[in-house]
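Undergrad: Give me a model of this one.
(chains A and B)
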Amino acid sequence: MPGIVEYLILGAVLFALGLVGFMSRRNLIVIFLSTEVMFQGVVINAVAYGRLHHHMEGQAFALFLLAIAAVEAGLALGLIMLLYRQRDSLDAEAWSLMRG
Amino acid sequence: MTSVTAILLYLVFALGGVGVYLLLPKPGRSQVAAGATVGALALVGLFVVLATQVIVPDTANVFFYLFAAIAVLAASRVVTHPNPIYCAVYFVLVVIAVAALLVLQGAEFLAVALVMIYAGAILVTYLFVIMLAHQGGSPVYDRRSREPAWAVLAGFVLMAAIAGRAVDLPASASPEPVTVTTAGAEGSAVRGTEGNTIAMGEAIMTRYVVALEIAGVLLLIAMVGAIALSQKPVPIERAPGAAKPKPLGQVGREVEPF
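TA: Below you'll find the model as predicted:
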């Protein structure tokens, strides 16, 4: 039977890699791909905790996470297309007007 | 044991952070080879720490190492590759590896759903948008990162914090075999032996049915929102010398119609 800790560590690694990409990349599409990598880490963690407690809750939570990810992808990509049509660029720095 | 493990993990994560920092796109000479070497060393170190300190030895573990390696390597390329199309394709690799890890944990339904929804649907949408917004060549915002050192520092400190707490947990689930039971569905505990998909269906159709309905409504709202967003006419700020785009009815029509 596989253990829990290695899956939690793997989930942490995936989440943190996604966070690095989210903070450092400038292409809007890659920023959202990084959030999807973070979702993968969370899914691994949710399922591992569900297995730790012999409970379906982790897997059910991960399923709803998938639904939220689909919602997020649909809306975010629509927004990205809108932004791209306004500035002809996917650069996140093109939208830094509100930076202090 | 746990404090030694945590310190070893911190060292491995520091090495991995250096590798990811070198891999992130930066102006100047390419450091991909050095970054890949350091990152691979960090991954091997992580597996050595896991194998010696955390994981109970077992022959089935080889699959964990295999798919964990694929997931971590592909994820590091997703966040560091300068070409967004490659990022999306590497993300498919992450999804497939994570699905395999879910199968290893006994979550078959979720694994299949993950491959269908992510690799099948979401990724196609991403690729569509990348193709639509592709500019040719590699624009400057793909070749430079924003504050890579601070981002790597923050990300890997978070990773170390989570993993340092995780090693305090018991090394594995309690020894009795996992019978997947639907939480709170009285009297159906024996049906858990019929398989993950049935247990999952019972769980989301009984205990989580309200959440399921809300998720459906949310998807509907998102669909309406996406349609409304993409229909909105947008004033295009073009460079002064650029050619005026054709009106919408004539786009792509180069030949006289019959």
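Undergrad: and stretch B:218-229, does that touch chain A?
TA: Yes: Stretch B:218-229 comes into contact with chain A (C-beta under 8 Å from any C-beta of the partner chain), by way of B:218, B:219, B:222, B:223, B:225, B:226, B:229. Every C-beta, even on glycine, is put in place using the N, C-alpha and C of the backbone.
Undergrad: Put the alpha carbons of that stretch into CSV.
TA: The C-alpha trace of stretch B:218-229 is given here as CSV (Å, rounded to 0.1, in the frame of the first residue of the first chain):
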residue,chain,number,x,y,z
LEU,B,218,-21.6,27.4,-12.3
LEU,B,219,-20.6,25.7,-15.6
LEU,B,220,-23.8,27.2,-17.2
ILE,B,221,-23.0,30.7,-15.8
ALA,B,222,-19.4,30.4,-17.1
MET,B,223,-20.7,29.3,-20.5
VAL,B,224,-23.0,32.3,-20.7
GLY,B,225,-20.2,34.6,-19.5
ALA,B,226,-17.7,33.3,-22.0
ILE,B,227,-20.2,33.8,-24.9
ALA,B,228,-21.0,37.3,-23.7
LEU,B,229,-17.2,38.1,-23.4
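Undergrad: How far away from the center of its chain is it?
TA: Distance of stretch B:218-229 from the chain centroid (C-alpha atoms, centre = their mean, to the nearest Å) equals 23 Å.
Undergrad: gap between whichever residue of chain A sits closest to chain B and residue B:222?
TA: Nearest residue of chain A to chain B, counting by C-beta to the nearest C-beta: residue A:21, 2.8 Å away. Computed as C-beta to C-beta, to the nearest Å, the residue A:21 to residue B:222 distance reads 24 Å.
Undergrad: Please say which of those two ends up with more neighbours.
TA: Between residue A:21 and residue B:222, counted using other C-beta atoms under 10 Å in any protein chain shown, the more crowded position is residue A:21 (31 against 19).
Undergrad: sec struct for the more buried one, please.
TA: Using DSSP: H, G, I helix; E, B strand; the rest coil, the structure places residue A:21 in helix.
Undergrad: OK, contacts around the nearest residue to the residue of chain A closest to chain B once chain neighbours are set aside?
TA: Of all residues not flanking residue A:21 in the chain, residue B:79 sits nearest, at 2.8 Å (C-beta to C-beta, 6 or more residues apart in numbering or on different chains). Residue B:79 makes contacts with A:17, A:18, A:20, A:21, A:24, A:25, A:30, A:34, A:37, B:20, B:24, B:87, as judged by C-beta atoms under 8 Å, 6 or more residues apart in numbering or on different chains.
Undergrad: Residue B:79 belongs to a strand?
TA: No: per three-state DSSP, residue B:79 lies outside any strand segment and is helix.
Undergrad: so what's residue A:78 scoring on pLDDT?
TA: On pLDDT, residue A:78 comes in at 87.
Undergrad: didn't it look like it was pressed against residue B:223?
TA: No: contact criterion C-beta atoms under 8 Å: residue A:78 and residue B:223 do not qualify, at 10.2 Å.
Undergrad: how near is the closest residue to chain A within the stretch 1-150 of chain B to residue B:90?
TA: Chain A sits closest to residue B:79 of the stretch 1-150 of chain B, with a gap of 2.8 Å, by C-beta to the nearest C-beta. Plainly put, residue B:79 is 9 Å away from residue B:90 if you go by C-beta to C-beta.
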